[in-house]
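# sequence and predicted structure, then a few things I'm wondering about:
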Amino acid sequence: MLENPRSPRVRAVAKLTKRSARQETGLFLLEGPQAAREALAYRPDTIVEIFATPTAMEKHQDVRDAARSAGLEIEFTTEPVLDAMADTVTPQGIVAVARQSPTALKDVFAAKPALLAICEEVRDPGNLGTIIRAADAAGADAVVLTGRTVDPYNPKVVRATTGSLFHLPIAIGADLADVVQRAHATGLRVVAADVGGEDFLAHRRTLAEPTAWLFGNEARGLDDEALSLVDLTLRLPIYGRAESLNLATAASVCLYESAFAQRSGAGA
């Protein structure tokens, strides 16, 4: 059992909360039983180590069994050791280290996607994680992140995805102009969500077509250069008194509108 919170091994895991360490090692941190459960179910090949307190393993025996099925040994730790490793105040007794496994951009488009989410300069980890989760729930084929978007392996992003990080392809570090060019070559209509766009309801029928949604920065939205690349810019209507919608909420609505339209064959 690991008992020393200051040991080199514990410190090496704790460093993965920092982007520099993640870039250097190609690893990232998973916290809690849900993240471990989803990684073991969908991408057990990426898991390097699993640490847990005996109490957590008693409570989450399904995680223990899934780890054994994947040929992974669980390393037991004390509560102080696990707390030292984790990014959260309450890590729920389980921490894992996994290899980053982004999908190459060419492979995203080689799969002929019908629905994509593209994130350009999304900076809030919670927003990005929620967009990935919403894309997964709406049946999107992939999520593409430009180089100016927050690291998807940031612990806060990973937690916000609630496991969706392991469910669908995610390409990172992409150039927006290149992404749009590839989308057009694959037959996708690129639609930007922006407050300066056209009326959403007037264009719902077009969402039945293969679509790549483009979402921008929380504070500034999309700049003129980005908007010049897209085929259509739409705004979600505000019917109540709210000043605006949170980015992740707006993205969820857009992705589900496309999902509904594509599955019904009509947008209205």
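Nice, thanks for sending it over.
# look at the closest residue in space to residue 223 that isn't next to it in sequence and report its pLDDT.
If the residues on either side of it in the chain are set aside, residue 223 comes closest to residue 216, at 7.8 Å by C-beta to C-beta, 6 or more residues apart in numbering. Placement of C-beta: from N, CA and C, glycine included. On pLDDT, residue 216 comes in at 95.
# where's residue 216 relative to residue 119, distance?
Going from residue 216 to residue 119 by C-beta to C-beta, to the nearest Å gives 8 Å.
# and those two? Which one has more around it.
residue 119 (30 against 24; other C-beta atoms under 10 Å).
# wait, what's in contact with that one?
128, 131, 143, 144, 145, 146, 149, 215 (C-beta atoms under 8 Å, 6 or more residues apart in numbering).
# wait, a strand at the fifth one?
Yes: going by DSSP: H, G, I helix; E, B strand; the rest coil, the assignment for residue 145 places it inside a strand.
# ok, the closest residue to residue 55 other than its chain neighbours - contacts?
Spatially, and ignoring its direct neighbours in sequence, residue 55 is nearest to residue 93 (6.1 Å; C-beta to C-beta, 6+ apart). Applying C-beta under 8 Å, 6+ apart, we find residue 93 in contact with 33, 52, 53, 55, 56, 57, 59, 60, 79, 82.
# distance of the nearest residue to residue 264 once chain neighbours are set aside relative to residue 202?
Nearest non-adjacent residue to residue 264, counting by C-beta to C-beta, 6+ apart: residue 208, 7.4 Å away. Between residue 208 and residue 202 the distance is 14 Å, computed by C-beta to C-beta.
# and these two? which has more neighbours close in?
Neighbour count, other C-beta under 10 Å: between residue 208 and residue 202, residue 208 has more, with 18 against 10.
# ok, residue 186 touching residue 106?
No: applying C-beta atoms under 8 Å, one finds residue 186 not in contact with residue 106, separated by 10.8 Å.
# higher neighbour count, the two?
residue 186 (17 against 10).
# quick one on the thing from earlier: secondary structure added to the contacts of residue 93, as TSV?
TSV is the format used below for the contacts of residue 93 (three-state DSSP):
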residue	secondary structure
33	helix
52	strand
53	coil
55	helix
56	helix
57	helix
59	helix
60	coil
79	helix
82	helix
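# list only those of those flagged as buried.
Among those, those that count as buried by neighbour count (16 or more other C-beta atoms under 10 Å) are 33, 52, 53, 56, 57, 59, 60, 82.
# could you pull up phi and psi at the spatially closest residue to the fourth one that is not a sequence neighbour?
Yep, that's residue 56 we're talking about. Nearest residue to residue 56, sequence neighbours excluded (C-beta to C-beta, 6+ apart): residue 93, at 2.6 Å. Phi and psi for residue 93, reported as degrees, to the nearest 10, are phi 80, psi 0.
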